[in-house]
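>>> model the structure of this input:
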Amino acid sequence: MEPLNPEQRSLRARLAAQTSWANTLDPTSRTAKARAAANGRFEQQARELHPTATDEQIARVAKHLKSAHFSRLALASAKARRAKSGSRPATAAA
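Residues are numbered from 1 along each chain as shown. This next block holds a predicted model:
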């Protein structure tokens with residue numbers, strides 16, 4: 001069997017992922033542990049930043065830390081796409 005090229009590997013992985021999700025009746029329960037771990041990480045960061053905060057305050061800070069994390073990922077993704085396409089960001093006219 002000859003090795004697969006990157007495009008074929010990507011297609012095979014996509015097929016496997018779609019098949020796996022098709023076999024999952026309750027996707028929420030399948031990802032519950034990962035979501036709990038991620039939320040716990042943001043809560044831990046919030047407690048480190050604000051050790052004397054109330055649980056209500058910690059929940060609010062954790063929510064914002066999570067939002068900032070995903071915004072950071074989106075920004076990095078946009079920069080990578082822009083670099084890959086070779087285009088430059090639009091600049092405001094002076």
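
>>> and the average pLDDT for stretch 23-36 is what?
What stretch 23-36 shows for mean pLDDT is 95.

>>> ok, and what's touching that stretch?
Stretch 23-36 has contacts (Cβ atoms under 8 Å, 6 or more residues apart in numbering) with residue 21. In this view, the C-beta of every residue, glycine as well, is placed from N, C-alpha and C.

>>> show me which residues of that stretch are buried.
Along stretch 23-36, not one residue counts as buried under the neighbour rule (16 or more other Cβ atoms under 10 Å).

>>> ends of that stretch, what's the gap?
Stretch 23-36 has an end-to-end distance of 23 Å (Cα to Cα, to the nearest Å).

>>> how about stretch 26-40?
Stretch 26-40 has an end-to-end distance of 22 Å (Cα to Cα).

>>> mind checking how far the longest helix that the chain contains is from the chain centre?
Ranked by number of residues, the top helix in the chain under DSSP state H is helix 55-85. Distance, stretch centre to chain centre, for helix 55-85: 8 Å (Cα atoms, centre = their mean, to the nearest Å).

>>> so for stretch 55-68, mean pLDDT?
Stretch 55-68 comes out at a mean pLDDT of 97.
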